[in-house]
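**Student:** Task: produce atomic coordinates for the following.
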Amino acid sequence: MDQKLLSIMACPNCKGPLKHDRAASELICYADGLAFPVRDGIPVMLESEARQLSTQEREKH
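**Tutor:** Next comes the predicted model:
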């Protein structure tokens, strides 16, 4: 994921910052506890496509 693009992207729900998890191909919003998938280099910023972070994942941050 391009760092320039990542720097201007925000969570569609809370408008907060996103962290890129390269290994999982996800953009993570810790404020909302959501992980948005990145498919073929394209972020899918739909809440219906996001997965909920586990309690352990949220505690890591």
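**Student:** Just name whatever secondary elements the longest strand seen in the chain is in contact with.
**Tutor:** Looking across the chain with DSSP state E, the single longest strand is strand 34-39. Contacts defined by 3 or more CB pairs under 8 Å, 6 or more residues apart in numbering; DSSP states H and E place strand 34-39 against strand 26-29, strand 51-52. Quick note: C-beta positions are derived from backbone N, CA and C, even for glycine.
**Student:** hmm, try it at 10 Å
**Tutor:** strand 19-21, strand 26-29, strand 51-52 (3 or more CB pairs under 10 Å, 6 or more residues apart in numbering; DSSP states H and E).
**Student:** who touches the longest one?
**Tutor:** Applying CB atoms under 10 Å, 6 or more residues apart in numbering, the external contacts of strand 26-29 come out as 1, 6, 9-21, 34-38, 43-45, 50-51, 53, 57-58, 61.
**Student:** Kindly report the same for the shortest one.
**Tutor:** Identification of contacts with strand 51-52 by CB under 10 Å, 6+ apart yields 24, 26, 28, 32-37, 57-58.
**Student:** 6 Å instead, please
**Tutor:** 33, 35 (CB atoms under 6 Å, 6 or more residues apart in numbering).
**Student:** Next SSE downstream of that strand?
**Tutor:** Following strand 51-52 in sequence order, the next helix or strand is helix 55-60 (DSSP states H and E).
**Student:** So what's the model's average confidence on that following helix?
**Tutor:** The average pLDDT within helix 55-60 is 87.
**Student:** just the buried members of the contacts of strand 26-29?
**Tutor:** Neighbour counting by 16 or more other CB atoms under 10 Å classes 1, 9, 11, 18, 20, 34-38, 43, 45, 50, 53, 57 among the contacts of strand 26-29 as buried.
**Student:** Much appreciated, bye for now.
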